[in-house]
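Asks: model this:
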Amino acid sequence: MKISRRGLMLVLSSPSGAGKTTLSRRLLDADKNIVLSVSATTRPKRPNEKDGADYHFQSDEAFTRAVKAGDFLEYATVFDHRYGTPKKPVLDALESGRDVLFDIDWQGTQQLKETARDDIVSIFVLPPSHAELERRLRARAQDSEAVVVTRMSKAAAEISHWPEYDYVIINDDVDAAHAKVISILNSERLKRVRQVGLSEFVRDLVGA
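Replies: Coordinates of the predicted model:
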């Protein structure tokens, strides 16, 4: 039988180029009970991105208004641009038993833990080597040379936060890394504290 369950927040973090976005897309394709939390951002839209699907693109003024109104679960400044997680769609999904995927950095993860620790499962994705991380950044050809250099210079600082996460995956093979993410998600869904319908089921079972 199906026992009702509260959804969870699955956080994937990594330095740029380690593969969290690829893993996020694979997970969303493989599991229809998890939805992506679409962040708001003040950074410019890239040519291949769609407003409302990849990000909610906002002006600095609109972002500031949302912060003051308490509309974000978390927000942070990354590479001179601001990012935030809209609160309402996440809370609605959790209450309905759906899981929510977050592609955010360590700053956002820390803020989420302060407000919703029991709902969060966090995974940090590491590259197999420094050289491979740089190769991936250059191969995706999305950023200028200056941006690539900046991302590489900040990678060590980002990686230093790995002990703050529940799980760590080394992404040396995307298929293997994806399988690990699926395994973590399935295990966390089965935790007793998330089975909100379990107490009622057991009461009926004992009373039968």
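
Asks: Stretch 189-204: which residues count as buried?
Replies: Residues of stretch 189-204 classed as buried under the neighbour-count rule (16 or more other Cβ atoms under 10 Å) are 189, 194-195. Where C-beta positions appear, they are placed from N, C-alpha and C, glycine not excepted.

Asks: quick one, phi/psi of His56?
Replies: Main-chain dihedrals, His56, degrees, to the nearest 10: phi -100, psi 110.

Asks: scratch that, Pro47 is what I was asking about
Replies: Dihedral angles for Pro47 - degrees, to the nearest 10 - are phi -60, psi -30.

Asks: Apart from its chain neighbours, what residue comes closest to Ala66?
Replies: Once flanking residues are discounted, Ala66 sits nearest to Phe72: 6.0 Å by Cβ to Cβ, 6 or more residues apart in numbering.

Asks: which residues does the one you found contact?
Replies: By Cβ atoms under 8 Å, 6 or more residues apart in numbering, the contact list for Phe72 reads 40, 66, 84-87.

Asks: now swap in Thr22 and tell me
Replies: Val174.

Asks: just checking, Gly19 touches Phe124?
Replies: No. Gly19 is beyond contact range of Phe124, at 11.6 Å (criterion: Cβ atoms under 8 Å).

Asks: What are the boundaries of the strands in this protein?
Replies: 9-13, 34-36, 40-41, 56-57, 72-78, 81-86, 99-103, 120-126, 167-170 (DSSP state E).

Asks: For those, which has the smallest mean pLDDT value?
Replies: In terms of average pLDDT, strand 72-78 trails the rest of those, at a mean of 89.
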